[in-house]
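*Asks:* Fold the stuff below for me.
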Amino acid sequence: MSLVEIKGLKKSFGNNVVLDGIDLSIEEGEVVAIIGPSGTGKSTLLRSINLLEKPEDGQITIDGETYDLSRITSKEKLGLRQHTEMVFQQFNLFKHRNALENVMEGLHVVKKLSKEEARQAALQELRKVGMGDRLYHYPRHLSGGQQQRVAIARALALKPKLLLMDEPTSALDPELVGEVLLTIKQAAKDGYTILLVTHEMDFVKNVADRIIFLEEGKIVADGTPREILDNPENERLRTFLRNINMLRTADDYVI
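*Replies:* Numbering: from 1, shown residues only. Model (predicted):
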């Protein structure tokens, strides 16, 4: 049985159907990348899994526990969120807490560790992501890449069954993207199950086990990086990849 099973996930905003019956299985330790044009529901899919958005219909089974999203209780919502952690585009760090305190917060408040236990666990995760020399720096004194690495350490410290990452490099300057991608690559090597929205195609090709292509709220292609990126069968997917490649080529010629 898969670690995560999503069935019939539906989400609308008014009359706009954003997710139209999503079915998705994710194996333990698998890295699944979501690609697709803007406005096709990629971020909404992640936010619906973590119940930051409330779907109208669908169910999620994670680590053997099934949740009916159309009538989930507050207690069940907390249970589901204990299995997942989200890394956002804009980092979402507490501005008035330093890097160490940001990572300790969830360990102390959610996991109920003592402050010393939380401190030791937070130290370990921050050192793993190369932030051991920035423990007492506040977000305003950190680069975007450093802030995102703290955010990733905060998520990993809680040992989620499923790590959700919503375009974690989109808010970064180009020279800072690499350090964050290396951090995500290490998390993948460490065996975390990851569902990732990104436009970093080279990274996806080298790190993802599977890629799903989302179009108009539906999964229209699902396969290995070679199947999706090198031998796409879907015409809309081929057009999308051509456009991505054209943009990259144009960037190469920008003076």
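*Asks:* make it CA atoms for all contacts and neighbour counts henceforth
*Replies:* OK.
*Asks:* Do a quick rundown of the strands in the stretch 101-250 of the chain.
*Replies:* Here the stretch 101-250 of the chain has its strands, by DSSP state E, counting those that start in this stretch, at 162-166, 194-197, 210-215, 218-223.
*Asks:* Can I get those in JSON lines including mean pLDDT?
*Replies:* Shown next, in JSON lines, are the strands of the stretch 101-250 of the chain (pLDDT from 0 to 100):
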{"stretch": "strand 162-166", "mean pLDDT": "96"}
{"stretch": "strand 194-197", "mean pLDDT": "96"}
{"stretch": "strand 210-215", "mean pLDDT": "96"}
{"stretch": "strand 218-223", "mean pLDDT": "95"}
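*Asks:* In JSON lines, list those strands along with distance to G106 and mean neighbour count.
*Replies:* Below are the strands of the stretch 101-250 of the chain laid out as JSON lines (distance: least, C-alpha to C-alpha, whole Å; neighbours: other C-alpha atoms under 10 Å):
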{"stretch": "strand 162-166", "distance to G106": "15", "mean neighbour count": "25"}
{"stretch": "strand 194-197", "distance to G106": "20", "mean neighbour count": "25"}
{"stretch": "strand 210-215", "distance to G106": "30", "mean neighbour count": "22"}
{"stretch": "strand 218-223", "distance to G106": "33", "mean neighbour count": "18"}
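*Asks:* quick one, which of the ones you listed is nearest to N15?
*Replies:* strand 218-223 (16.3 Å; C-alpha to C-alpha).
*Asks:* which is the next helix or strand following the closest one?
*Replies:* Sequence-wise, the next helix or strand downstream of strand 218-223 (DSSP states H and E) is helix 225.
*Asks:* Residue ranges in the stretch 1-150 of the chain under the pLDDT threshold?
*Replies:* Scanning the stretch 1-150 of the chain for pLDDT under 70 picks out 1.
*Asks:* Tell me where it has helices.
*Replies:* 42-49, 74-81, 99-109, 115-128, 144-157 (DSSP state H, counting those that start in this stretch).
*Asks:* which of those sits most buried?
*Replies:* Among these, helix 144-157 has the highest mean neighbour count (mean count of other C-alpha atoms under 10 Å), at a mean of 25.
*Asks:* And the pLDDT at the closest residue to A121 other than its chain neighbours?
*Replies:* Distances taken as C-alpha to C-alpha, 6 or more residues apart in numbering place A157 nearest to A121, at 6.7 Å, with adjacent residues excluded. At A157, the model reports a pLDDT of 96.
*Asks:* From R127, how far out is A157?
*Replies:* 11 Å (C-alpha to C-alpha, to the nearest Å).
*Asks:* what does K95 give?
*Replies:* For K95 relative to R127 (C-alpha to C-alpha), the value is 20 Å.
*Asks:* Repeat that for E56.
*Replies:* 41 Å.
*Asks:* re earlier: got JSON lines for the helices of the stretch 1-150 of the chain, with distance to E27 too?
*Replies:* JSON lines is the format used below for the helices of the stretch 1-150 of the chain (distance: least, C-alpha to C-alpha, whole Å):
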{"stretch": "helix 42-49", "distance to E27": "16"}
{"stretch": "helix 74-81", "distance to E27": "17"}
{"stretch": "helix 99-109", "distance to E27": "26"}
{"stretch": "helix 115-128", "distance to E27": "24"}
{"stretch": "helix 144-157", "distance to E27": "18"}
